[in-house]
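1. predicted model and sequence below, questions to follow.
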Amino acid sequence: MSASPRRSLLALGDRPLLAGLAALAVYATFAAWHGRAHGLSPFPYYGYLADAFLHGQTHLRLPPPDTHDLSQAGGRLYLYWGPFPALVFVPLVALWGVGVSDVAFTVLLGALDVVLVAVLLRAAVAARLVRLDRFRRGALVTCFAFGSVHLTLAPFGRVWFTGQLVGFAALGLAYLAAIRLRGAPGALASGLALAAALATRTHLVLAGVWPAWWLPAKERRGSPVRRLGILAAGASPVLATVLLLGVYDQVRFGSAFENGLRFHEMGTMFREDFARYGAFHPHYLWRNLFYELLTFPFPIREDSLGGGGLFWMTPLFLAAFWKGRGGPAGSVPALVASVGLTAIPILFLMGTGFVQWGPRYTLDFSIPLLLLVARGLRRWSPRAIRVTLGLSVAIYLFGASYLARHL
């Protein structure tokens, strides 16, 4: 006889510390299997940018192991990605130099991301935004940790994966602050976290639709002026960050509207399209839909566009399409808008994520997506949850094993 949902081992995933420790063990195992558990990936660029910041400059002071995807201008090397992850690396590089392991960093941060998801789901239940028992919360945390593209990003370092994990954490903190806190202090805390997400991956600010709706919506008896004040408190750090990023780019390239993307050392397979269409264009839409929603990511090659179908590789996420209960009526449209708006730049982007297992860019809208899944998962039977979760975990454990050997 199978264990009841309440007593299932999956319910342990609802405990943030246990979930984080389990994730840490699995991610560290894959990192060790890959042979870089305590070392550098081939592309540890944020540590090198942190070193540049510590020496008062915005271009790299030391040559990194590789220069792929870096921007070259005036004989200097720059990162076109947002600078916030490098600021996170600053104290680490100050202590241990540029040799600080970006792989160990992503392993630890990946485990913290799992803790964050567990805490966020608990907070959403406490706020009555979703109705989800321990078994279903634990299953969803387990799915995120071991049955989603997050598993194939956390163990391997690399500038691209590191940026996504930092951005996910910042966005998750923005949602958590919006749920747990109230009024202007809550909006300010959420806005600061959203500003960090913006300074990591610019389009993540579009996922701020839901916090911008929810924080004023909690003030049911508040006046319109109070609600506008809450919005202003949340928007102020975001707007300040936009200005600071403009200053940063002005210092680097002489223009507040130039982030260095057009100077980057892209793969040869992208150059013809970039010259003709630029980095963002409707020309890329159907290709990106295919690689984010439909394709099978095997075999992985150096010239592969990677990807993988979001919902067949993580079928538990199909619960997002089930009608759930709980929370005010406007919550679902705000969550859908957060997912949809964040997805737009992804679908119009020149690249698909390149060498990977699974649609890694979908991690960028996983926070609002997880809340939508949590709403619908209440209507799924324990058996359906176990079957789809088992498929998700099997698919991504295989993918992480493959990457550990071949990445």
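-> That came through fine.

2. what are the ranges of the strands in this structure?
-> Applying DSSP state E to the chain gives strands spanning 71-73, 76-78.

3. would CSV of these with distance to residue 379 be doable?
-> All C-beta spots, glycine's among them, are computed from the backbone N, C-alpha and C. Shown next, in CSV, are the strands of the chain (distance: least, Cβ to Cβ, whole Å):
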stretch, distance to residue 379
strand 71-73, 48
strand 76-78, 49
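
4. in the stretch 51-200 of the chain, where is pLDDT below threshold?
-> Applying pLDDT under 70 to the stretch 51-200 of the chain flags no residue at all.

5. number of residues surrounding the nearest residue to residue 66 once chain neighbours are set aside?
-> Distances taken as Cβ to Cβ, 6 or more residues apart in numbering place residue 42 nearest to residue 66, at 5.2 Å, with adjacent residues excluded. By the criterion of other Cβ atoms under 10 Å, residue 42 has 14 neighbours.

6. returning to what we had before: kindly reformat the strands of the chain as CSV containing mean neighbour count.
-> Listed next are those as CSV, based on neighbours: other Cβ atoms under 10 Å:
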stretch, mean neighbour count
strand 71-73, 18
strand 76-78, 20
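
7. list the residues that contact residue 202.
-> 82, 345 (Cβ atoms under 8 Å, 6 or more residues apart in numbering).

8. how much space separates it from residue 264?
-> 15 Å (Cβ to Cβ, to the nearest Å).

9. for residue 340, same thing?
-> On the measure of Cβ to Cβ, residue 340 and residue 264 end up 28 Å apart.

10. who has more neighbours out of the two?
-> Using other Cβ under 10 Å as the criterion, residue 340 and residue 264 rank with residue 264 on top: 21 against 15.

11. list the buried residues of stretch 180-187.
-> In terms of neighbour count (16 or more other Cβ atoms under 10 Å), stretch 180-187 has its buried residues at 180, 181, 183, 184, 186, 187.

12. now for these, which pair is the farthest apart?
-> Farthest apart among the buried residues of stretch 180-187 by Cβ to Cβ are 180 and 184. That separation is 14.6 Å.

13. longest helix anywhere in this protein?
-> Longest helix in the chain, counting residues (DSSP state H): helix 224-253.

14. tell me who's in contact with the residue most central in space within the chain.
-> Relative to the mean C-alpha position of the chain, the nearest C-alpha, by Cα atoms, centre = their mean, is the one of residue 168, at 3.2 Å. Taking Cβ under 8 Å, 6+ apart, we find residue 168 in contact with 113, 150, 363, 364, 366, 367.

15. most neighbours among those, which one?
-> Going by other Cβ under 10 Å, residue 367 tops the contacts of residue 168 with 29 neighbours.

16. separation between that residue and residue 144?
-> 10 Å.

17. report the buried residues of stretch 212-219.
-> Neighbour-count burial for stretch 212-219 flags 212, 213, 214, 215, 216, 217, 218 (criterion: 16+ other Cβ under 10 Å).

18. how close does the closest residue to residue 16 other than its chain neighbours get to residue 14?
-> Excluding the flanking residues, the one nearest residue 16 by Cβ to Cβ, 6+ apart is residue 118, at 4.0 Å. Look at residue 118 and residue 14: by Cβ to Cβ, they are 6 Å apart.

19. ok, residue 170 touching residue 197?
-> Yes. Here residue 170 lies in contact with residue 197, judged by Cβ atoms under 8 Å, at a distance of 3.9 Å.

20. overlap in contacts, these two.
-> Here residue 170 and residue 197 have residue 204 as joint contacts, going by Cβ under 8 Å, 6+ apart.

21. elements contacting the longest helix of the chain?
-> Packed against helix 224-253 by the contact rule (3 or more Cβ pairs under 8 Å, 6 or more residues apart in numbering; DSSP states H and E) you find helix 183-198, helix 209-217.

22. re the thing from before, so how far is residue 280 from the residue nearest to residue 16?
-> Relative to residue 280, and taking Cβ to Cβ, residue 118 is found at 35 Å.

23. residue 317 too?
-> To residue 280, residue 317 is 26 Å away according to Cβ to Cβ.

24. which one's more surrounded, the two?
-> The neighbour comparison of residue 317 against residue 280 (other Cβ under 10 Å) goes to residue 317, with 26 against 14.

25. go ahead and confirm that one touches residue 310.
-> Yes. Contact criterion Cβ under 8 Å: residue 317 and residue 310 qualify, at 6.6 Å.

26. find residues that contact each of the two.
-> Common neighbours of residue 317 and residue 310 (Cβ under 8 Å, 6+ apart) do not exist.

27. residue 231 is in contact with residue 183, correct?
-> No. Counting by Cβ under 8 Å, residue 183 does not reach residue 231; the two are 11.5 Å apart.

28. would you list the helices and strands packed on helix 224-253 in JSON lines and tack on distance to residue 81?
-> Shown next, in JSON lines, are the helices and strands packed on helix 224-253 (distance: least, Cβ to Cβ, whole Å):
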{"stretch": "helix 183-198", "distance to residue 81": "12"}
{"stretch": "helix 209-217", "distance to residue 81": "23"}
